[in-house]
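# Structure for this input, please:
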Amino acid sequence: MNDKVKEKIAKVYELVKRGVAGEQQSAEKMLKKLLEKYNVSEDELNSIDEKKYYFKYASNLDEWLLIQLIEYFFKEKNYKLYRIKNSGVKEIAIQMPYLDWVTLDSAYGYFKPHLNQQWRKHGLPVVNRCRTTKTKNKRRIEMQDSFFKLYVVRSGIYRPEQITSNPLTEEQIKQLTMLYGVEGGKYKQQVTTGLYLE
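Below you'll find the predicted structure:
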């Protein structure tokens, strides 16, 4: 059974689980035919909807963002992430069901360019004021951490238990003051399930 067939069965199976009345009945009939045609057992069906997906990242901010989105959307699912570095391309692999991938891929696709645009506008000028490479690197690490926390809060992509009540240090207050104009993303979650019978 090839990947295209697996993907089709996974989509139909999701419709059986989540579809509305008429849609669900049609999906059940189609699923039964597909299971018989490709000789798929119950155990295979339960794990068929998971596939390995890859997400590229270029910086610490991109990596932190992907991890934060997984925490925000799928905390209870405990997905495992694998870092892959092939010929200079940095990727994170994650095995998950199709619908979860749609949610993560669309959120990451929106937030990644927005986050980087905000960093270039508000964080990078502060880093570039440093004169030496050593001080630039030190300032980049400090500013990225403060910037990322501020961006996550302003975008609303955090869980309440992630907010701590520790008092801010003078340095953190200074960094947040420099990053005052950072805007959060205004992401709207996908309405469609992305499941269609072909």
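
# buried residues in the biggest strand by length in the chain?
Identified as the longest strand of the chain according to DSSP state E is strand 89-97. By neighbour count on 16 or more other Cβ atoms under 10 Å, the buried set for strand 89-97 is 92, 94, 96, 97. For the C-beta atoms, the positions are set from N, CA and C on the backbone; glycine is no exception.

# any idea how far the second one lies from residue 78?
Note on residue 94: its distance to residue 78, by Cβ to Cβ, to the nearest Å, is 11 Å.

# How are the helices of this structure distributed by residue range?
3-18, 21-38, 42-47, 60-74, 98-118, 124-128, 133-155, 170-178 (DSSP state H).

# that older thread, the longest strand of the chain pairs with which strands, and in what direction?
On the basis of DSSP bridges, the sheet neighbours of strand 89-97 come out as strand 50-56 (antiparallel), strand 81-86 (antiparallel).

# Give me whichever of those is most buried.
The highest mean neighbour count among those, using mean count of other Cβ atoms under 10 Å, belongs to strand 50-56: a mean of 15.

# Compute the inter-axis angle for that one and helix 3-18.
110 degrees (axes from the mean of the first three to the mean of the last three Cα atoms, to 10 degrees).

# which residues are contacting strand 50-56?
With contact meaning Cβ atoms under 8 Å, 6 or more residues apart in numbering, strand 50-56 is reached by 3, 6-7, 10, 62, 66, 84, 89-98, 101, 104-105, 108.
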